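Visitor: Just to be clear, the model below is a prediction. Sequence and coordinates:
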Amino acid sequence: MDYTYLIIWLVLFLILIVIEMITTALAAVWIGIGCLFGAVLAAFGLPVWLQIIASALVSFLCFAFLRPGIKRKFDRKRWQQSLKNLVGTRALVTSEIDNLRGIGEIRIGGKEYAARSAERGVEIPHGTVVVIVDVRGEIMIVDTDYTVDNNLRSRKSEARLDPGIMDDF
């Protein structure tokens, strides 16, 4: 039995997996799975034309049906990780935070995020500077930043004292 095509398919599979690990684009892996399928057919001694057609078909089906769901899952995990990277960041309360009513928003870098207070029963008024202490799903858990004098309760006077304080928001 000639193992030439089996070896070619396996080498292609390994090359494509390495490419996928480098790029993480979720594209080469599906062609690699097709190559693996082609290698199985080569191991059974089926004709090369059948190996190529089956490999292309399996690659296409994997790309069309498996990639969207897996990509969505990876993108969600990356987005949640990027939110977790915001822990320790200062933010400005743009809408009063009240855990009992389930309301509250903060702004960081021009983006709005839902927020809740880390302490139960504590309402955080609009204009307060807070620190993100945790992220639960898509909701930022915040605590008042007591290092800011008067904590921007009077934003205009605070901004006059330190105009750079608003640059973070």
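Guide: That came through, no problem.
Visitor: Which helix or which strand is home to the residue most central in space within the chain?
Guide: Nearest residue to the geometric centre of the chain (Cα atoms, centre = their mean): Arg78, 1.7 Å. If you go by DSSP states H and E, Arg78 is part of helix 67-84.
Visitor: and if you look at Asp134?
Guide: Element membership for Asp134, per DSSP H and E: strand 129-136.
Visitor: Can you dump the C-alpha atoms of that strand in CSV for me?
Guide: The C-alpha trace of strand 129-136 is given here as CSV (Å, rounded to 0.1, in the frame of the first residue of the first chain):
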residue,chain,number,x,y,z
VAL,A,129,-16.4,59.1,40.1
VAL,A,130,-16.3,55.4,40.8
VAL,A,131,-13.8,52.5,40.5
ILE,A,132,-14.7,49.3,38.8
VAL,A,133,-14.2,46.5,41.3
ASP,A,134,-15.7,43.5,39.4
VAL,A,135,-17.5,42.6,36.2
ARG,A,136,-20.5,40.2,36.3
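Visitor: buried stuff in it?
Guide: Val129, Val130, Val131, Ile132, Val135 (16 or more other Cβ atoms under 10 Å). The C-beta positions use only the backbone N, C-alpha and C, and glycine is treated the same way.
Visitor: again, but for stretch 115-130
Guide: Neighbour counts over stretch 115-130 (16+ other Cβ under 10 Å) mark Ala115, Arg116, Ser117, Ala118, Ile124, Gly127, Thr128, Val129, Val130 as buried.
Visitor: can you list the residues that contact the helix holding Arg78?
Guide: Leu26, Ala27, Trp30, Tyr113, Val135, Gly137, Glu138, Met140 (Cβ atoms under 8 Å, 6 or more residues apart in numbering).
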